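Trainee: sharing a sequence plus its predicted fold:
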Amino acid sequence: NAGVTQTPKFRVLKTGQSMTLLCAQDMNHEYMYWYRQDPGMGLRLIHYSVGEGTTAKGEVPDGYNVSRLKKQNFLLGLESAAPSQTSVYFCASSYPKLYTGELFFGEGSRLTVL
Amino acid sequence: AQKITQTQPGMFVQEKEAVTLDCTYDTSDQSYGLFWYKQPSSGEMIFLIYQGSYDEQNATEGRYSLNFQKARKSANLVISASQLGDSAMYFCAMRGLNQGGKLIFGQGTELSVKP
């Protein structure tokens, strides 16, 4: 019953450092997403993927890269972290539904950039 | 393009009373889905209820119901008989047929239930 698993759960970076957030899902979902959550702004979509080997930009893609080499994994990378990227990051996955079907979320990863 | 607006940053309700959380949306899609999620202080995102644009009846899930008014582009969440455990952030969200599977969220409403 793992569902969507994000690692790490917490991370502190210095400005300019790089890191990768890993999202893994065991529900055989086609679609996967990365969101960031900041106070008063809800969840904003960073990047998403509708299948293995495909990725697309969301609302706030700048400063992030993603890869979907395997269907069950979706990686979010920060090449040169900035304080503005301090946030809580959520990964989600869903069946290949265009407008029906809910997203299943991971527990979130709290990233602090000093 | 799609947009979700939640105009109530914070709400208070007395325990056992009903409360309505407002959500309005804008979309160019004819086919779309509206969702509500709950985020307690522990941080996880919990799916509550879904309403499709072609559904004639309002969706209900236990104490949750969605008051869907298509012409007014509103999808308000109604929680009946509030409980202390209902204290949380609530997010309205939408997926549209021509949006590639994306789910777009509103800013959220923080609900506090008073004993």
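Mentor: The structure has been received and is ready for your questions. Numbering: from 1, shown residues only, chains lettered A, B, ... in the order given.

Trainee: now do the strands in the chain.
Mentor: This is for chain A. For chain A, the strands defined by DSSP state E cover A:4-7, A:10-13, A:19-25, A:31-37, A:43-51, A:54-57, A:65-67, A:73-78, A:87-94, A:104-105, A:109-113.

Trainee: wait, chain B
Mentor: Using DSSP E, strands in chain B cover B:2-5, B:10-14, B:19-21, B:24-27, B:32-39, B:46-52, B:60-61, B:64-69, B:74-79, B:88-96, B:104-105, B:109-114.

Trainee: tell me where the model's unsure across chain B.
Mentor: Low-confidence segments of chain B (pLDDT under 70): none present.

Trainee: which residues of it lie near chain A?
Mentor: Along chain B, the residues adjacent to chain A under the rule C-beta under 8 Å from any C-beta of the partner chain are B:4, B:6, B:9, B:29, B:31-33, B:35, B:43-45, B:47, B:50, B:52-53, B:91, B:93, B:95-108. In this view, the C-beta of every residue, glycine as well, is placed from N, C-alpha and C.

Trainee: are any of those buried, and which?
Mentor: B:4, B:6, B:29, B:32-33, B:35, B:45, B:47, B:50, B:53, B:91, B:93, B:95-97, B:99, B:101-108 (16 or more other C-beta atoms under 10 Å in any protein chain shown).

Trainee: how about the residues of chain A near chain B?
Mentor: Going by C-beta under 8 Å from any C-beta, the residues of chain A near chain B are A:31, A:33, A:35, A:40-45, A:48, A:50, A:56, A:58-59, A:88, A:90, A:92, A:94, A:96-105, A:107-108.

Trainee: residue B:80: which of the strands of chain A is closest?
Mentor: strand A:104-105 (25.2 Å; C-beta to C-beta).

Trainee: contacts for that closest one?
Mentor: Strand A:104-105 is contacted by residues A:3-4, A:25, A:27, A:29, A:90-94, B:44-45, B:47 when judged by C-beta atoms under 8 Å, 6 or more residues apart in numbering or on different chains.

Trainee: let's see that with 7 Å instead.
Mentor: Around strand A:104-105, the neighbours that count as contacts under C-beta atoms under 7 Å, 6 or more residues apart in numbering or on different chains are A:3, A:4, A:27, A:90, A:92, A:93, A:94, B:44, B:45.

Trainee: any idea of the mean pLDDT for it?
Mentor: Averaged over strand A:104-105, pLDDT sits at 96.

Trainee: likewise for stretch A:81-101?
Mentor: On average, stretch A:81-101 scores 94.

Trainee: endpoints of that stretch, how far apart?
Mentor: Distance across stretch A:81-101, first residue to last, is 34 Å (C-alpha to C-alpha, to the nearest Å).

Trainee: for stretch A:15-23, same thing?
Mentor: Per C-alpha to C-alpha, the first residue of stretch A:15-23 is 23 Å away from its last.
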